[in-house]
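*Asks:* next comes the sequence, and after it the predicted model I'd like to discuss.
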Amino acid sequence: MPKPEPRLGGQLLLDGGTLRGSYFSRTVVFVCSHDEDGAFGLVLNRPTETQLQAAFDRTLPSSLRQRPLFSGGPVQPAALSFLYPGQAKEPAKTPLPGVVLHHDLDALIQLGKHPETRVALRVFAGYAGWSPGQLDDEMKRKAWLTHPASLELLFDVPPETLWQHILRNRGNWRDRLLAMSPEDFTVN
């Protein structure tokens, strides 16, 4: 009987240099769920130029209006997801201990009304999705590097430098070299 593939929920996936030219080039994806039905993740390092208020047809609390909307992935670009540190009432909404995942605009609005403005909040349009077995096949082909997720990596490291930051701190020369490589090798 074949050994089941390890599940990647709560982990980060990093482009290991093999995804050049694709949507996922130089991305860091937070895998929120991964099971026999497939996988769901959010790209952490693709902020858009759009502020949250411009993305929704409802008035948002002032604490949310000017925050950036992130492109969570190429699947269903109008789908809403958001992450913030906290404790979920339902275990299914906790992809990592201390992190809450939601998909409801009303819940986002209520969160924005909280007396303490949540600095650590990421709001996404779209997501990264894999059909059953697809992510397992990509892992076998070594399309992705894995790295443990943490609150710091999800919320504190600037998204523009997240991919390089993780690679530089992984502790091996290949990853450090990849982090320093130009995005376009023809510009040398």
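*Replies:* All right, it came through fine.

*Asks:* ranges for the helices of the chain?
*Replies:* With DSSP state H as the criterion, the chain has helices at 52-55, 62-65, 105-113, 134-140, 151, 162-168, 173-180.

*Asks:* just name the most buried of those helices.
*Replies:* helix 162-168 (a mean of 20; mean count of other CB atoms under 10 Å). Using the backbone N, CA and C atoms, a C-beta is placed for each residue, glycine as well.

*Asks:* give me the neighbour count for Thr48.
*Replies:* Look at Thr48: counted by other CB atoms under 10 Å, it has 13 neighbours.

*Asks:* got a list of what it touches?
*Replies:* Thr48 makes contact with Pro68, Leu69, Phe70, Ser71, Ala125 under the criterion CB atoms under 8 Å, 6 or more residues apart in numbering.

*Asks:* do I have it right that the third one meets Phe124?
*Replies:* Yes. Assessed by CB atoms under 8 Å, Phe70 is found in contact with Phe124 at 4.7 Å.

*Asks:* overlap in contacts of these two?
*Replies:* Counting by CB under 8 Å, 6+ apart, the residues touching both Phe70 and Phe124 are Leu42, Val43.

*Asks:* rewinding a little: which of the contacts of Thr48 count as buried?
*Replies:* Buried members of these, scored by 16 or more other CB atoms under 10 Å, are Leu69, Phe70, Ser71, Ala125.

*Asks:* quick check: of these, which lies closest to Met139?
*Replies:* Within the buried ones among the contacts of Thr48, the smallest distance to Met139 is 22.9 Å, found for Ser71 (CB to CB).

*Asks:* what number of residues lie near the residue nearest to that closest one when sequence neighbours are not counted?
*Replies:* The shortest distance from Ser71 to any non-neighbouring residue, by CB to CB, 6 or more residues apart in numbering, is to Arg46 (4.2 Å). For Arg46, the count of nearby residues is 23 (other CB under 10 Å).

*Asks:* then Gly86?
*Replies:* For Gly86, the count of nearby residues is 15 (other CB under 10 Å).

*Asks:* so, low pLDDT: which residues of the protein?
*Replies:* 1-6, 91-92, 115-118, 184-188 (pLDDT under 70).

*Asks:* circling back to that earlier point, go ahead and confirm the residue nearest to Ser71 touches Pro74.
*Replies:* No. Using CB under 8 Å, Arg46 is not in contact with Pro74; the gap is 10.2 Å.

*Asks:* follow-up on the earlier one: backbone dihedrals for the residue nearest to Ser71, please?
*Replies:* phi -130, psi 70 (degrees, to the nearest 10).
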